[in-house]
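Novice: I would like to see how this sequence folds:
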Amino acid sequence: MERTQGRRTRTRRRLAVKRVRPRAHRLGLCGAVALLSMSLAGSASAAAPPTGDAPASIATAPAGAVAGSVEAGFRHTCGVRTTGTLACWGDNFDGQATPPQGTFAAVSAGFEHSCGVRTGGAVACWGRDISGSATPPAGTFTSVSGIRFHSCGVRTNGTVACWGANSFGQATPPAGAFISVSGGAQHTCGVRTTGTLACWGYNASGQATPPPGTFTAVSVGSFSNCGIRTSGTLACWGYNGSGQATPPPGTFTAVSAADSHTCGVRTSGAVACWGDNSYGGATPPAGTFTAVSAGGYFHTCGVRTSGAVACWGYNGEGQATPPAGAFAGAAVDGGDDFSCGAEHDGTLACWGSNAFGKSTPPAGTFTAVSAGGDHSCGVRTNGALACWGQNGFGQANEPPGTFTAVSAGGLHTCGVRTNSALACWGSDGRGQATPPAGTFTAVSAGGFHTCGLRTNGALACWGRNGAGQAAPPAGTFAAVSAGGFHTCGIRTNGTLTCWGSGNANPPPGTFTALSAGAFHTCGIRTSGTLACWGQNGRGQANPPRGTFTAVSAGADHTCGMRANGSAACWGDNGSGEAIPPIGFG
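Specialist: Take a look at the predicted model:
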């Protein structure tokens, strides 16, 4: 997302490295893109809920419950827990809210059935099997979209496979390679690897005639669709009887089209909805989000930047009341000469140098991990912290209490408590571990300075400021990342601003995430591609091609999570820090 969250830094041989990662991204590896495609109802105009069913207001999971994979279907919702297991709630008349056992990387809630991608890549579907829509083919997939009477998925080779009803050709995809697919009532659309759109199936309202141009994501409703252009702006087409295909201006990081309303996450992290607002399904709560999913029966769910799930709108079947517990996807974080990541099941894996035991994480399940100079810290699923590795300055002596985020720097660590206050510990020779008062949504620990994102979007930095790295500009931001002697932030319009010494001249364009390392920086453009700049002696600023959902810059290497959920690292590999373990992600 997933808006973006400031994260960590490190120092060690050269300095401290820092990086930031959008929680949105880390959490949202559950589909083919940073957008949650909805499966919707089957009529162009919304039907009124049955008399006697009660609407519901916003329902939020308990503090500390992190969600990255949540998808609203017709009258039910499903999500992937940090353990990799599934949870579904709401209407279960056909068993669509009774998921199978096992661990999953993605889930899609449809009309009367649901489908998920197991961690091994196989697809499993459950619920009503109309026309074979819940009988997936064999093979391995990176994403799946369980729709009304048909389902589609992207295979690991990039081709699309569909099954179920095909009366309008909605289950007959074109040839070629795709990065995502999303299905509606009787049509389907996908984003090709070239960025162009392809749609097929029923086209009475023009819903299968996509606009030209390049896109990073598409979400298909019943008879209308919306996509995110590479510029970050939205384009919608098809049936518009309730205004669901008339998007607001501005730039977005995610979009989700339902039957008669559509919602999107702005680059500022705020959610905007338009179209039919029956039962408040198009009236999102305040706050910043990393992902949103509009359901087909007047309800919507989103993932806050804190990781909590919030749902609003119609709740007659309990679809807007998420269960307690944690939900998340895989994440990776680059430290000095090592890397750590959180698997889909919440367990941690570290690789590279193991000096001081920094690559030997504790057991248990986690929602976040941050690799610093020679130590690491993670947020357990219960909100408590765990730190390990070098502890000469107390940087691995985590404080008690519950947290939503943590950032391991060079010789100090900072975290965001569940009450949004900051706590820092470890080396404080430059004041880097003495945070200001106030409430924050993110924090990023650099070499000898730290920066945080206040709840009002303003930045605050403290610690060493010899190069101006702790003197942030005015304005409102969506993310911040503190590096060695420089800092970078993403403004709410998606553009980058950097200050301090070194690579403080970011490229133009709009971004959804960034990570400042010791002497280089990387960011994810709204197109999903990577851009890196700064010192490149070890190839750490030469990112691979493809689309990514998260990036983390270390000292001389960088790691990222691809849109298909796999991890990729590049740059210095002297200690094996750029070779993630087989099967990670």
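Novice: so what does Ser278 look like in phi/psi?
Specialist: phi -60, psi 130 (degrees, to the nearest 10).
Novice: ok, the nearest residue to it once chain neighbours are set aside to Ala72 distance?
Specialist: Spatial nearest neighbour of Ser278, chain neighbours left out: Phe298 (4.9 Å); criterion: Cβ to Cβ, 6 or more residues apart in numbering. Every C-beta, even on glycine, is put in place using the N, C-alpha and C of the backbone. Distance, Phe298 to Ala72, by Cβ to Cβ, to the nearest Å: 10 Å.
Novice: pLDDT weak spots in the protein?
Specialist: By pLDDT under 70, the weakly predicted segments of the chain are 1-69, 82-83, 297, 305-308, 323-330, 344-345, 503-504, 564-565, 583, 585.
Novice: now with 50, please.
Specialist: 1-68, 326 (pLDDT under 50).
Novice: so what's the residue nearest to Pro473 when sequence neighbours are not counted up against?
Specialist: Nearest non-adjacent residue to Pro473, counting by Cβ to Cβ, 6+ apart: Thr497, 5.8 Å away. By Cβ atoms under 8 Å, 6 or more residues apart in numbering, the contact list for Thr497 reads Pro473, Gly475, Cys488, Gly489, Arg491, Pro506.
Novice: okay, and which of those map to strands?
Specialist: Members of the contacts of Thr497 lying in strands (criterion: DSSP state E): Cys488, Gly489, Arg491.
Novice: wait, doesn't the first one sit right on His520?
Specialist: Read it as Cys488. No: the criterion here is Cβ atoms under 8 Å, and Cys488 misses it with His520 at 10.8 Å.
Novice: can you give me phi and psi for Tyr279?
Specialist: Dihedral pair for Tyr279: phi 60, psi 20, per degrees, to the nearest 10.
Novice: distance of it from Val292?
Specialist: 17 Å.
Novice: between the two, who's got more neighbours?
Specialist: Val292 (31 against 24; other Cβ atoms under 10 Å).
Novice: partner strands of the helix or strand harbouring the more buried one, with direction?
Specialist: Assigned by DSSP states H and E, Val292 belongs to strand 289-294. The sheet places strand 289-294 alongside strand 299-304 (antiparallel), with pairing taken from DSSP bridges.
Novice: for stretch 122-134, the distance to its chain's centre please.
Specialist: On the basis of Cα atoms, centre = their mean, to the nearest Å, stretch 122-134 is displaced by 26 Å from the centre of the chain it belongs to.
Novice: go ahead and confirm Thr135 touches Asp129.
Specialist: Yes: under the contact definition of Cβ under 8 Å, Thr135 touches Asp129, with a separation of 6.0 Å.
Novice: now the helices for the chain?
Specialist: Taking DSSP state H as the criterion, the chain contains helices spanning 23-27.
Novice: pop the domain breakdown of it in here.
Specialist: 8-27+329-571, 57-314 (automatic domain parsing).
Novice: can you redo the ones you listed as JSON lines with distance to Ile579?
Specialist: Putting these into JSON lines (distance: least, Cβ to Cβ, whole Å) gives the following:
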{"stretch": "domain 8-27+329-571", "distance to Ile579": "7"}
{"stretch": "domain 57-314", "distance to Ile579": "20"}
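Novice: look up how far Pro210 lies from Thr547.
Specialist: For Thr547, the distance to Pro210 - Cβ to Cβ - is 18 Å.
Novice: ok, Ala122 next?
Specialist: 30 Å.
Novice: so the two - more neighbours on which side?
Specialist: Pro210 (21 against 16).
Novice: show residues contacting stretch 162-174.
Specialist: Under Cβ under 8 Å, 6+ apart, the answer for stretch 162-174 is 130-137, 147, 149-153, 159-161, 181, 183-184, 186-188, 190, 198, 200-202.
Novice: now the strands for the stretch 101-250 of the chain?
Specialist: 104-109, 113-118, 123-127, 141-146, 150-155, 160-164, 178-183, 187-192, 197-201, 215-220, 224-229, 234-238 (DSSP state E, counting those that start in this stretch).
Novice: would you convert those into CSV that also reports mean neighbour count?
Specialist: Formatted as CSV, those follow (neighbours: other Cβ atoms under 10 Å):
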stretch, mean neighbour count
strand 104-109, 29
strand 113-118, 28
strand 123-127, 24
strand 141-146, 29
strand 150-155, 28
strand 160-164, 23
strand 178-183, 29
strand 187-192, 28
strand 197-201, 22
strand 215-220, 30
strand 224-229, 28
strand 234-238, 23
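Novice: turn the ones you listed into CSV, columns for distance to Phe440.
Specialist: Shown next, in CSV, are the strands of the stretch 101-250 of the chain (distance: least, Cβ to Cβ, whole Å):
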stretch, distance to Phe440
strand 104-109, 31
strand 113-118, 35
strand 123-127, 40
strand 141-146, 33
strand 150-155, 37
strand 160-164, 42
strand 178-183, 33
strand 187-192, 35
strand 197-201, 39
strand 215-220, 29
strand 224-229, 28
strand 234-238, 30
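Novice: can you tell me the closest non-neighbouring residue to Ala177?
Specialist: Gly158 (3.3 Å).
Novice: count the neighbours of Leu385 for me.
Specialist: 24.
Novice: give me the beta-bridge partners of it?
Specialist: Val379.
Novice: so who does it touch?
Specialist: Cys377, Gly378, Val379, Glu398, Pro399, Phe403, Val406, Gly415.
Novice: so how many other residues sit close to the residue nearest to His520 when sequence neighbours are not counted?
Specialist: Among residues not flanking His520 along the chain, Gly534 sits closest, at 3.4 Å (Cβ to Cβ, 6+ apart). Residues lying near Gly534 (other Cβ under 10 Å) number 23.
Novice: over to Ile582?
Specialist: Using other Cβ under 10 Å: Ile582 sits among 5 other residues.
Novice: again, but for Cys569
Specialist: 24.
Novice: could you do Asn505 as well?
Specialist: Based on other Cβ under 10 Å, the number of other residues close to Asn505 is 10.
Novice: and if you look at Gly475?
Specialist: Neighbours around Gly475, by other Cβ under 10 Å: 13.
Novice: mind checking how far the closest residue to it other than its chain neighbours is from Thr510?
Specialist: Leaving aside its chain neighbours, Gly475 sits nearest to Arg491 (6.0 Å; criterion: Cβ to Cβ, 6+ apart). Counting by Cβ to Cβ, the gap from Arg491 to Thr510 is 9 Å.
Novice: ok, back up a step: any chance of the contacts of Thr497 in CSV, with distance to Gly243 too?
Specialist: Shown next, in CSV, are these (distance: Cβ to Cβ, whole Å):
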residue, distance to Gly243
Pro473, 37
Gly475, 32
Cys488, 37
Gly489, 34
Arg491, 29
Pro506, 37
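Novice: nearest to Pro247 among those residues?
Specialist: Arg491 (21.0 Å; Cβ to Cβ).
Novice: spit out the contact partners of the closest one.
Specialist: Contacts of Arg491 (Cβ under 8 Å, 6+ apart): Gly475, Thr476, Phe477, Ala478, Thr497.
Novice: of these, closest to Thr142?
Specialist: The closest of those, once distances to Thr142 are taken by Cβ to Cβ, is Ala478, at 27.0 Å.
Novice: state the number of residues packed around that closest one.
Specialist: 33.
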